[in-house]
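Participant: no sequence for this one, just the structure:
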């Protein structure tokens with residue numbers, strides 16, 4: 001039976017702590033439904049764009065958004081189809097996780113894995129290869145040098161190695177493994193086995209996301225792990241290959257620790273970022289308590305309120321610290337709105353103005 005080899009290092013332990021602390025804040029923060037829907041939509045857009053861009057998709061983030069919104073985009077048909085496909089994959093994961101949770105403890109099957117892959121490569125490969133394990137040997141090459149960077153297991157071994165991995169995922173022993181560690185192991189193993197001719201990276205990331213969803217780490221679906229990977233593709237592939245290229249006699253001897261340190265750090269960075277955004281969003285709830293009515297603050301207004309909560313006051317010279325990319329006139333318009341809502345007050349003259357919470 002598959003049994004992953006790794007060490008829980010201080011780095012992994014520290015980042016697991018960050019993950020769980022951020023998760024607690026996000027799950028327990030009061031959010032206005034409109035804001036939660038907005039942030040979920042943004043998380044999906046980021047996941048789709050970065051999840052496909054990481055594999056060479058040429059669409060910009062704005063173009064990917066337009067495709068998702070049903071607008072016409074002048075681009076390669078393949079790039080457009082990849083974006084549509086990954087959107088469908090994420091919807092499938094959401095629906096599947098809800099269905100499985102309703103039924104109780106889950107069992108991950110080869111059929112689920114193949115269904116995910118079929119959605120990943122729909123209209124990109126011939127139908128016979130969609131959702132079907134590869135039947136020939138493949139190699140991964142460096143796109144710049146042409147050198148072989150990794151050789152996956154022979155095609156004949158793919159069904160058995162996938163079955164071995166799924167047996168471990170569905171076993172009782174795994175119940176003691178932290179969900180983020182489990183997701184990281186599943187991601188690496190699927191990338192290593194390379195079960196399909198094409199679309200293995202997107203499939204591996206999708207299954208890792210599903211594992212997190214099923215184990216209570218959907219985090220209100222506000223995060224995008226793909227954005228972290230795509231921020232430095234070289235680090236992503238280097239960390240995968242650092243394990244895959246270890247000189248071992250048996251796959252069970254591979255030490256997954258370097259990859260898990262990288263993976264868990266990525267989850268921690270992304271969730272900490274979402275935690276800070278959620279804290280700003282939850283400002284709306286405090287505003288509602290004060291005014292007795294629902295007020296949707298935009299992000300600039302929330303940043304101003306957050307700054308005042310932290311520093312007690314704000315002066316004109318502080319504008320550049322908070323909004324380096326916006327003019328003073330823009331900031332003053334946001335302050336005027338907050339003054340009209342009786343949320344802050346101004347003392348002093350125009351040049352020496354001091355703004356404080358009311």
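Facilitator: Thanks, I have the structure now. In this text, all values refer to a predicted model and were calculated from it rather than measured experimentally.
Participant: just so I have it, where are all the strands in the chain?
Facilitator: Here the chain has its strands, by DSSP state E, at 140-141, 148-150, 313-315, 344-347, 354-357.
Participant: which residues are contacting the last one?
Facilitator: Counting by C-beta atoms under 8 Å, 6 or more residues apart in numbering, strand 354-357 makes contact with 304-305, 308-309, 312-315, 335, 343-348, all of which sit outside it. Yep, even glycine has a C-beta here, placed from its N, CA and C like the rest.
Participant: List the buried residues in that strand.
Facilitator: residue 355 (16 or more other C-beta atoms under 10 Å).
Participant: what separates that strand from the chain centre, distance-wise?
Facilitator: 37 Å (C-alpha atoms, centre = their mean, to the nearest Å).
Participant: do the second one as well
Facilitator: The gap between where strand 148-150 is centred and where its chain is centred comes out at 27 Å by C-alpha atoms, centre = their mean.
Participant: Check the fourth one too.
Facilitator: Between the mean C-alpha location of strand 344-347 and the chain-wide mean there is a distance of 39 Å, by C-alpha atoms, centre = their mean.
Participant: Would you indicate which residues of that strand are buried?
Facilitator: In strand 344-347, counting by 16+ other C-beta under 10 Å, buried: residue 344.
Participant: who does it pair up with?
Facilitator: Strand 344-347 sits in its sheet next to strand 354-357 (antiparallel), going by DSSP bridges.
Participant: I'd like the average pLDDT over the partner strand.
Facilitator: The predicted model assigns strand 354-357 a mean pLDDT of 90.
Participant: And for stretch 201-216?
Facilitator: Rounded mean pLDDT across stretch 201-216 is 95.
Participant: Show residues contacting it.
Facilitator: Counting by C-beta under 8 Å, 6+ apart, 51-52, 54-55, 86, 89-90, 93-94, 96-97, 100-101, 106, 108, 112-113, 116-117, 120, 169, 179-180, 182-184, 186-188, 190-191, 195-196, 218, 225-226, 229 sit against stretch 201-216.
Participant: mind checking which of the strands of the chain is nearest residue 30?
Facilitator: strand 354-357 (19.0 Å; C-beta to C-beta).
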